[in-house]
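In: Kindly generate the corresponding structure for this input.
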Amino acid sequence: MTTFDFTNADSYILNCSTLLTELPVMDRAQAAKDAGFSQVEFWWPFDGNPTPTSAEVDEFIASLDKAGVELKGLNFWAGNMAGGDRGMVSIKGAEADFAANVDIVVEIGRRTGCRAFNALYGLRTEGQTPEEQDEVAIENLKLASDAVGAIDGTVLVEPVSGAEAYPLKTASDAAGVVEKARAQGVTNIAVLADFFHMSINGDDVAAVIEADAARFGHIQIADAAGRGAPGTGELPLQDWINRSYELGYTGQIALEYKQDRATAFEWLAN
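Out: Here you go, the predicted structure:
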């Protein structure tokens, strides 16, 4: 087996929502290309608006085309991330907006070739029981999975750190949601293994890899502590990546760390 080329920019998908944030969203694809990347992913890029105009969608897609990069991952609308939201999948009362957003996500996927779509679960919310929110979540995940299935897409479910009210903190938590969706007949859904979030939340990442790597739908990395570039912390990211591939992971690796543009890519080979 060929060892993953850990310091080659072209080995990775670059997350343009945690990196290159000094630039306007529509300028980041070109900046990614200029930094040596040919594949990118974004959180929902329309300032928390679930239903951007056709012109706004066209502008986003044009920014990718002009830069000559491939969109490999996209988040569904996740609410006001800057204001503390962490997804709308489990939020009662947001179902209509989420459904409208799914239609636009599918359009973007169809036009760009993107096939991986991250559905952030959402925070536990006052006035809504966990059971009610989980029921809403499964219905929304089924709707989203059915919709992106038309373009051979996959819905991803992610454990997240740094938000106490976000209920999916470990890979097991996310896998439990995936299994509930599968019990409803959904097949195109998988865990997004974010090694940073898993580590910060106390997961035994190496053990999760041993048990589940072949079932991961996507992998994202950042070092810990600090969520900086690989090598700025203490996580054995290269070992974890190599082991995931050895055990049957067939997807790609996305860089979702946070670091200023001037130093963000110094760790990569020139």
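In: now the helices for the stretch 101-250 of the chain?
Out: Under the criterion DSSP state H, counting those that start in this stretch, the stretch 101-250 of the chain contains helices at 130-149, 171-183, 195-200, 205-212, 237-246.
In: Return the most buried member of those.
Out: helix 195-200 (a mean of 24; mean count of other CB atoms under 10 Å). Every C-beta, even on glycine, is put in place using the N, C-alpha and C of the backbone.
In: outside of it, which residues touch it?
Out: 158-162, 169-171, 205, 208, 219-225, 227, 235, 237, 240, 256-257 (CB atoms under 8 Å, 6 or more residues apart in numbering).
In: Can you show me the CA trace of it as PDB?
Out: Output in PDB follows, covering the C-alpha atoms of helix 195-200 (Å, rounded to 0.1, in the frame of the first residue of the first chain):
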ATOM      1  CA  PHE A 195      -9.900  13.800  14.700                       C
ATOM      2  CA  PHE A 196      -9.600  17.200  16.400                       C
ATOM      3  CA  HIS A 197     -13.100  17.300  17.800                       C
ATOM      4  CA  MET A 198     -13.000  13.600  18.800                       C
ATOM      5  CA  SER A 199      -9.700  14.100  20.600                       C
ATOM      6  CA  ILE A 200     -10.800  17.200  22.500                       C
END
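In: So in terms of bridging, what pairs with the residue nearest the centre of the chain?
Out: For the chain, the residue nearest the mean C-alpha position is Asn118 (4.7 Å; CA atoms, centre = their mean). For Asn118, the beta-bridge partners are Asn75, Leu156 (DSSP bridges).
In: and it, what is it in contact with?
Out: Asn118 neighbours (CB under 8 Å, 6+ apart): 43, 73-76, 155-156, 158, 192, 218.
In: quick one: which of the residues you listed is most hemmed in?
Out: Neighbour counts for the contacts of Asn118 (other CB atoms under 10 Å) peak at Val155, which has 30 neighbours.
In: thinking again about what came up before, need the max-distance pair from the contacts of Asn118.
Out: The span of those, defined through CB to CB, is set by Trp43 and Val155 at 15.2 Å.
In: circling back: and the residue nearest to the centre of the chain, what pLDDT?
Out: pLDDT for Asn118: 98.
In: Let me have the helices of the stretch 101-250 of the chain in a markdown table, extended by mean pLDDT and distance to Arg28.
Out: Below are the helices of the stretch 101-250 of the chain laid out as a markdown table (pLDDT from 0 to 100; distance: least, CB to CB, whole Å):
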| stretch | mean pLDDT | distance to Arg28 |
| --- | --- | --- |
| helix 130-149 | 98 | 23 |
| helix 171-183 | 98 | 27 |
| helix 195-200 | 98 | 20 |
| helix 205-212 | 98 | 28 |
| helix 237-246 | 97 | 23 |
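In: Just the buried ones among the contacts of helix 195-200, please.
Out: In those, burial by neighbour count holds for 158-161, 169-171, 205, 208, 219-224, 227, 235, 237, 240, 256-257, counting by 16 or more other CB atoms under 10 Å.
In: So which of the residues you listed belong to strands?
Out: 219-221 (DSSP state E).
In: Just send these back as a markdown table, with pLDDT too.
Out: Shown next, in a markdown table, are those (pLDDT from 0 to 100):
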| residue | pLDDT |
| --- | --- |
| Ile219 | 98 |
| Gln220 | 98 |
| Ile221 | 98 |
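In: Could you list the low-confidence segments of this protein?
Out: For the chain, applying pLDDT under 70 flags the ranges 1-2, 270.
In: and the gap between the residue nearest to the centre of the chain and Val89?
Out: Between Asn118 and Val89 the computed distance is 10 Å (CB to CB, to the nearest Å).
In: list residues touching both of these two?
Out: Phe76.
In: related to what we said a few turns ago, can you put the helices of the stretch 101-250 of the chain in TSV and add distance to Leu23?
Out: Below are those laid out as TSV (distance: least, CB to CB, whole Å):
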stretch	distance to Leu23
helix 130-149	28
helix 171-183	31
helix 195-200	23
helix 205-212	31
helix 237-246	26
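In: nearest to Gln252, of those helices?
Out: Closest among the helices of the stretch 101-250 of the chain, once you apply CB to CB, is helix 237-246, at 10.4 Å.
In: other SSEs contacting the closest one?
Out: helix 205-212, strand 218-221 (3 or more CB pairs under 8 Å, 6 or more residues apart in numbering; DSSP states H and E).
In: Done for today, thanks.
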